[in-house]
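Visitor: Okay, structure incoming, though there's no sequence with it:
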């Protein structure tokens, strides 16, 4: 029998006696004919007489009916369930009534309780069902060179503890939590199954604290791509929505011009060359053709630094991509705002800070530049800054 | 700078939005834009034939689609009409409103449709923002729009406990507002009782900026229709909302020189100071009935309230703590849930005046402010600290602007 909106026309008639309210139909004496066309359709006759109901299928013509309803099977189910507005169906002629439609619309809700589609028992998926399929959903081509152990501590009903080990292009699932773990994720089992079957958005779960992450946050985010999506057994996609995947790689060249060119030529010589506004005297870094405050051309270059003072800093835990390579950056890393010795007070410069120095970084710290082994006249010449040990020990 | 008074008054007469979500797999860009346009036209009771000119905007780098206005023309209805394209980073949506206002005020066009859209899911937002920086310098260091410096400054100024509680109170307040707005993207159902837990356990992004503090990346579109006072007098389907004045303030293109030994005046403060002065608004907190602020993170939001309202010391924190910014407070902030809840970037800064206008009309639905809204403020933010600020009015009765 063809289903519409999760049920059939036949089921609506089969449940009619159960939904009938005899006490409301004591004064009623009517025979209603139904014709539902198309797949899953048919003809039915409902005879209501002084509190009794008789429903029968009809093979030939609908005879002896005071009122008849004609529609296609889909519209019939849709209107019965309230998915399609009865007035809309009448207006669009998809549903036709021979007799008085208004009378029917008033009568039927009075003598029948509303029809509800039979509840489909949802396929019960447990966290265990999903976790045990992990090895077969593994995509070794996406996890080349990856070595990590991911622990899941799933609490509540259907929960448990598992460790997923990814190494040498292989993936294995083990019971219990291994030690050490690259990352451990603790959540309710139903949160996990929800994320896997798509009823809970992963970002929402992470952001709102439904998932607790201990260890490498970036690893937690990266795991999804190592596995094919979990599909509930027997589930069918409602509608196929196709997305196109595109990766752009673009090589670019930017002219630096004579003013910024001096700055890069300075870096090649391991010097910081600012240009000084003839009017307000500020030392612009990076140097610019014009002082935007004074609206005058700036010609004079002065060497500043190489040491300076940290005015502000950011310690970054979020694994943002390195814009030059696209690779995920190693976290945490620190960017420091530095005012070089000899600079005017607002001309701060942002630079990466040497990773080992992060725990000792504070505002007001003295720093020195860390240069690349070979300098070529590029921002790559300056790796970043490090705490100035010489001055630190003073 | 000499500014001229408006040639003629301009009103917002139509507002259309899509819902906002992390994924709109069921629509392509053209279909999403069309949904917002259809909603705006229906709201205004107009047909596409009534539109004289279209202004379109988003951030090309996010979806990596050059000249998206060409692709979107079936959705925007631009075929056969004059069209302009605007892209100014985070402020795009607000700049679109300024442009539409100017196009109508100038007398060149009678009725203008502005459209802001973004499908952030289709690109890489942080990658896009990173590649927006000066390519000769700074690009190698960019982390997108994430920074913890404001959090640190607030902690230095007000103490760790008070500063952290203020940022989290603001965040939860925004979620409470978003819960009332069915179009909002992120609606977590947060409670103030979760404050301590979130302050301690939400994953850190940069310094004390945590995941929960930061705005979303959303898909969605917003469309607005603008027309002249003459046309409004012929009758409108919904009450008009008047654009009284707007201002744009930019700074030179480097962020680090905000972080030297002393801090220059922020663009927000400069914009507010200038805009209020030339409109004779002495006390913005008392004057305005709502402020739809572009709030990319809870830390920035709290800090910026002081800048926009020209407050000093801890006045903004005391107001926040007293509930003055709540939906039923003296000056409600972001009844819509703000940028923290929904952030389709090219539409985000347009949603601010759009939502402010709905508040003035009384049509905001579940997140409508209970008391009458007559004067509204809306802001846009983007780039290396750029500000757009505009004043919307219910009545056409303000004193002539002094632009000298």
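Guide: Yep, it's here. These figures come from a predicted structure and were not determined experimentally.

Visitor: Show me where chain B has its strands.
Guide: Along chain B, the segments classed as strands by DSSP state E run B:10-17, B:53-57, B:82-86, B:111-119, B:204-206, B:209-210, B:219-228, B:241-249, B:290-292, B:375-382, B:386-393.

Visitor: got the buried residues for the third one?
Guide: Residues of strand B:82-86 classed as buried under the neighbour-count rule (16 or more other CB atoms under 10 Å in any protein chain shown) are B:83, B:84, B:85, B:86. The C-beta positions use only the backbone N, C-alpha and C, and glycine is treated the same way.

Visitor: That one pairs with which strands, parallel or anti?
Guide: Sheet pairing of strand B:82-86 (DSSP bridges) gives strand B:53-57 (parallel).

Visitor: a markdown table for the strands of chain B, including mean pLDDT?
Guide: A markdown table is the format used below for the strands of chain B (pLDDT from 0 to 100):
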| stretch | mean pLDDT |
| --- | --- |
| strand B:10-17 | 98 |
| strand B:53-57 | 98 |
| strand B:82-86 | 96 |
| strand B:111-119 | 97 |
| strand B:204-206 | 86 |
| strand B:209-210 | 91 |
| strand B:219-228 | 97 |
| strand B:241-249 | 96 |
| strand B:290-292 | 98 |
| strand B:375-382 | 97 |
| strand B:386-393 | 97 |
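
Visitor: Tell me which of the ones you listed sits nearest to residue B:92.
Guide: For the strands of chain B, proximity to residue B:92 was assessed by CB to CB; strand B:53-57 is nearest, at 4.4 Å.

Visitor: Could you tell me the angle between that closest one and strand B:111-119?
Guide: Angle, strand B:53-57 to strand B:111-119, by axes from the mean of the first three to the mean of the last three CA atoms, to 10 degrees: 20 degrees.

Visitor: what angle separates strand B:53-57 from strand B:219-228?
Guide: Here the directions of strand B:53-57 and strand B:219-228 differ by 150 degrees (the same axes, to 10 degrees).

Visitor: per the record, what domains does the chain have?
Guide: Unless you meant another one, I'm taking chain A. As recorded under automatic domain parsing, the domains making up chain A are A:9-111, A:127-226, A:257-392.

Visitor: if you could check chain B rather than the one you did, that'd help
Guide: In terms of domains, chain B is parsed into B:10-126+B:217-233, B:143-213+B:244-393 (source: automatic domain parsing).

Visitor: mind pulling up the phi and psi values for the closest residue to residue A:371 other than its chain neighbours?
Guide: Sequence neighbours aside, residue A:270 is the residue nearest to residue A:371 in space, at 5.4 Å (criterion: CB to CB, 6 or more residues apart in numbering or on different chains). Note on residue A:270: its backbone torsions stand at phi 60, psi 40 [degrees, to the nearest 10].

Visitor: Hmm, residue A:370 and residue A:270 touching each other?
Guide: No: Residue A:270 is not in contact with residue A:370 according to CB atoms under 8 Å; the separation is 10.6 Å.

Visitor: For the residue nearest to residue A:371, which residues are in contact?
Guide: Contacts here follow CB atoms under 8 Å, 6 or more residues apart in numbering or on different chains; on that basis residue A:270 touches A:306, A:369, A:371, A:375, A:381.

Visitor: which among those gets closest to chain B?
Guide: residue A:381 (11.1 Å; CB to the nearest CB).

Visitor: hang on, the earlier thing: which among the contacts of residue A:270 count as buried?
Guide: A:306, A:369, A:381.

Visitor: can you redo these as JSON lines with distance to chain B?
Guide: Formatted as JSON lines, the buried ones among the contacts of residue A:270 follow (distance: CB to the nearest CB, whole Å):
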{"residue": "A:306", "distance to chain B": "17"}
{"residue": "A:369", "distance to chain B": "14"}
{"residue": "A:381", "distance to chain B": "11"}
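
Visitor: Give me the subset of these that lies in strands.
Guide: Among those, the residues falling in strands (DSSP E) are residue A:369.

Visitor: how about the strands of chain B in CSV, adding distance to residue A:274?
Guide: Formatted as CSV, the strands of chain B follow (distance: least, CB to CB, whole Å):
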stretch, distance to residue A:274
strand B:10-17, 46
strand B:53-57, 36
strand B:82-86, 35
strand B:111-119, 38
strand B:204-206, 28
strand B:209-210, 30
strand B:219-228, 43
strand B:241-249, 26
strand B:290-292, 40
strand B:375-382, 28
strand B:386-393, 25
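
Visitor: Residue A:363: which of those is closest?
Guide: Closest approach to residue A:363 among those (CB to CB): strand B:204-206, 15.8 Å.

Visitor: Run the contact check for that closest one versus chain A.
Guide: Yes: Strand B:204-206 lies within reach of chain A by CB under 8 Å from any CB of the partner chain, at B:204, B:205, B:206.
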